[in-house]
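**Student:** test case, fold it:
(one chain, ligands or ions: 1)
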Amino acid sequence: MMDNTHDIVIIGAGLTGLTTAFALRNKNRNVTILESDNKIGGQIQSHHVNGFVFESGPNTGVVKYPEVMDLFHSLNDSCKLEIAQASAKRRLIWKGSKFHELPSGLLSAITTPLFTTYDKLRILTEPFRAKGNNPDESVAELTKRRLGSSYLDYAVDPFLAGVYAANPTMLPTKYALPKLYDLEQDYGSFILGAIKKARQPKTDRDKTATKEVFSTHGGLSSLTSAMADKIGSDNILLNAKSISITPSADGFNINYTVNGEQQNIKCNKVVTTCGAYALSTLLPFVDSDIMQTITNLKYAPVIQVGVGIADTKGVCHSAFGGLVPSKEKRDVLGILFPSDCFAERAPKRGAAYAFFIGGMRHPEMIKLSDEEIKRHVIDDLHSMMKYPAKTQPDEIEIYRHDKAIPQYESSTGARLKSIDLLQQKYPGLVIAGNLRDGIGMGDRIKQAYDIAASM
Ligand SMILES: Cc1cc2nc3c(=O)[nH]c(=O)nc-3n(C[C@H](O)[C@H](O)[C@H](O)COP(=O)(O)OP(=O)(O)OC[C@H]3O[C@@H](n4cnc5c(N)ncnc54)[C@H](O)[C@@H]3O)c2cc1C
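**Tutor:** Modelled structure (predicted):
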């Protein structure tokens, strides 16, 4: 039995936990990570399969905050940042029987078949439309009101499927797309707001935040591994099971087991970064009514399928990927084309794809057998990606996530209130991770830096 005192303990060695620990180490703070799994990375896991690189979690992040570039600068060259090639700017949306490019300029905005002529004309009057006054208005309602149904069906619905694997009628804009919500609330219009924001003076640091898409050379696991190396393996305890935290007079007591053996440590501060569903066991001292408002967070189940074609025989899409609107009634949520955006993701003449299935649209699909999933994917490879019928994938890897993406539904307000209350009542306790502050990699990095700065 071990008994020792630590300064800061972080629960979870995913992107949030590792980045928090890394940023704290850079401030010369003493940090220990407790991770229940036998490996680091959490949802970030890259798989190298016969010349293909498949991700089972995120494929890319967006450089949306300066903290993302801060992280890569601090890591020096220990992991190589890859900004997506220009082709990543091409985003495709499925309509009818093929993918269409999402408009990127005035001419394509006018000529695109994705939106109705009525909505295209109506968008000119968007700046004059009244500001919404329902803070719980869903993304679907807000989009329909300001932009029209065809923009909801063929832009926002597939976008939300791609980011949250979600149904846009279920997510209040305030929680799911806070920047969009603020545009309307602060400027009365998306169009005017976007123009005014773009004209605001920016510091050199602000300018490091962009819309660029990133990964890291060899896959995103090289990012988490580089951080783990800097944090030091002595400070990351894997296989820490049944963790239970109790507040004490001078901090927190943490009990857990490793290989069935009971361990106990004390610490001044503790940061949880795991999913909401893990918190009732982790924080047994919290009143069950309050805990219930946190653990009722729903998660979309998602199956990601890595598909490798060794020789595409000239089939080429040159795009970031294609998303599928729910109106189109297909099983797949979207397909990413990582080898079109990043180097060495497939053999020289080949291509690597990531198919996404399930989500809140088809939660039942998580139960499909591997054979059924393969059948769906091969069918889509021919009917959607337009590979000739004789082309069969050289690799298919199936990655299932029962609890992939948290859904920031209308219960979010009560959840955030409970988290604030607990953090105030128990100074030194931080409840973090993607149950709040955004699910994207950029959001996770920003949250981690904010936590480290506050300690
Ligand atoms: C299929 C999929 C695709 C995605 N695609 C994208 C994308 O393209 N772009 C993007 O930006 N984001 C994407 N995301 C979201 C992004 O991956 C996550 O938000 C982010 O990786 C979460 O990091 P985290 O550290 O907060 O949580 P996690 O990665 O879940 O890490 C939490 C860690 O805590 C550990 N843990 C859990 N319970 C306990 C416990 N009781 N005790 C100790 N340890 C515990 C877990 O084992 C895990 O290692 C995707 C997610 C999934 C699942």
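
**Student:** might one say that Asn4 is in contact with Cys267?
**Tutor:** No - counting by CB atoms under 8 Å, no contact exists between Asn4 and Cys267, whose distance comes to 9.6 Å. The way it works is simple: take the backbone N, C-alpha and C, and place the C-beta from them, glycine included.

**Student:** higher neighbour count, those two?
**Tutor:** Summary of the neighbour comparison: Asn4 and Cys267, criterion other CB atoms under 10 Å, with Cys267 having more neighbours (25 against 10).

**Student:** SS state for that one?
**Tutor:** For Cys267, the secondary-structure state derived from DSSP: H, G, I helix; E, B strand; the rest coil is strand.

**Student:** quick check: bridge partners of it?
**Tutor:** In this entry, Cys267 is beta-bridged to His6, Phe252, by DSSP bridges.

**Student:** what's in contact with the helix or strand containing Val163?
**Tutor:** For Val163, the host element (DSSP states H and E) is helix 157-164. Outside helix 157-164, the residues that touch it by CB atoms under 8 Å, 6 or more residues apart in numbering are 93-94, 139-140, 166-168, 171, 176, 300, 321, 323-327, 333-334, 356, 359-361, 405, 407-408, 439-440.

**Student:** among the residues you listed, which ones are in helices?
**Tutor:** With helices defined by DSSP state H, the entries of the contacts of helix 157-164 inside them are Val139, Ala140, Ala176.

**Student:** what parts of the protein come near the ligand?
**Tutor:** Proximity of the chain to the ligand (CB under 6 Å from any ligand atom) is limited to residues 11-17, 34-37, 42-44, 57-61, 240, 243, 273-274, 278, 282, 302, 304, 401, 404-405, 433-434, 439-441, 444.

**Student:** which of the contacts of helix 157-164 count as buried?
**Tutor:** If you count burial by 16 or more other CB atoms under 10 Å, the buried members of the contacts of helix 157-164 come out as 93-94, 139-140, 166-168, 171, 176, 300, 321, 323-326, 333-334, 356, 359-361, 405, 407-408, 439-440.

**Student:** can you count the residues close to the nearest residue to Leu152 once chain neighbours are set aside?
**Tutor:** Distance criterion CB to CB, 6 or more residues apart in numbering; nearest residue to Leu152, sequence neighbours excluded, is Thr143 at 4.2 Å. The number of residues packed near Thr143 is 25, by other CB under 10 Å.

**Student:** can I assume Thr143 sits in a helix?
**Tutor:** Yes - for Thr143, which was evaluated using three-state DSSP, the result is membership in a helix.

**Student:** mind checking which of the residues of the chain next to the ligand are in strands?
**Tutor:** The strands, defined by DSSP state E, take in Ile11, Leu34, Gly61, Ile243, Val302, Gln304, His401, Ala404, Ile405 from the residues of the chain next to the ligand.

**Student:** JSON lines for the residues you listed, including pLDDT?
**Tutor:** As requested, these are exported to JSON lines (pLDDT from 0 to 100):
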{"residue": "Ile11", "pLDDT": "98"}
{"residue": "Leu34", "pLDDT": "98"}
{"residue": "Gly61", "pLDDT": "97"}
{"residue": "Ile243", "pLDDT": "98"}
{"residue": "Val302", "pLDDT": "98"}
{"residue": "Gln304", "pLDDT": "98"}
{"residue": "His401", "pLDDT": "98"}
{"residue": "Ala404", "pLDDT": "98"}
{"residue": "Ile405", "pLDDT": "97"}
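
**Student:** where does the prediction get shaky in the stretch 51-200 of the chain?
**Tutor:** Screening the stretch 51-200 of the chain residue by residue with the criterion pLDDT under 70, one finds no matching range.

**Student:** closest residue of it to the ligand?
**Tutor:** Checking the stretch 51-200 of the chain residue by residue against the ligand with CB to the nearest ligand atom singles out Pro58 as nearest, at 3.2 Å.

**Student:** is it true that that residue touches Asp443?
**Tutor:** No - proximity of Pro58 to Asp443 does not meet the contact threshold set by CB under 8 Å, at 11.3 Å.

**Student:** higher neighbour count, those two?
**Tutor:** For the pair Pro58 and Asp443, the greater number of neighbours falls to Asp443 (21 against 18), based on other CB under 10 Å.

**Student:** contact partners for the residue nearest to that one when sequence neighbours are not counted?
**Tutor:** If you skip the residues right next to it in sequence, Asp443 has Asp437 as its closest partner in space, 5.7 Å away by CB to CB, 6+ apart. Contact analysis of Asp437 by CB under 8 Å, 6+ apart lists Asp443, Lys446, Gln447.
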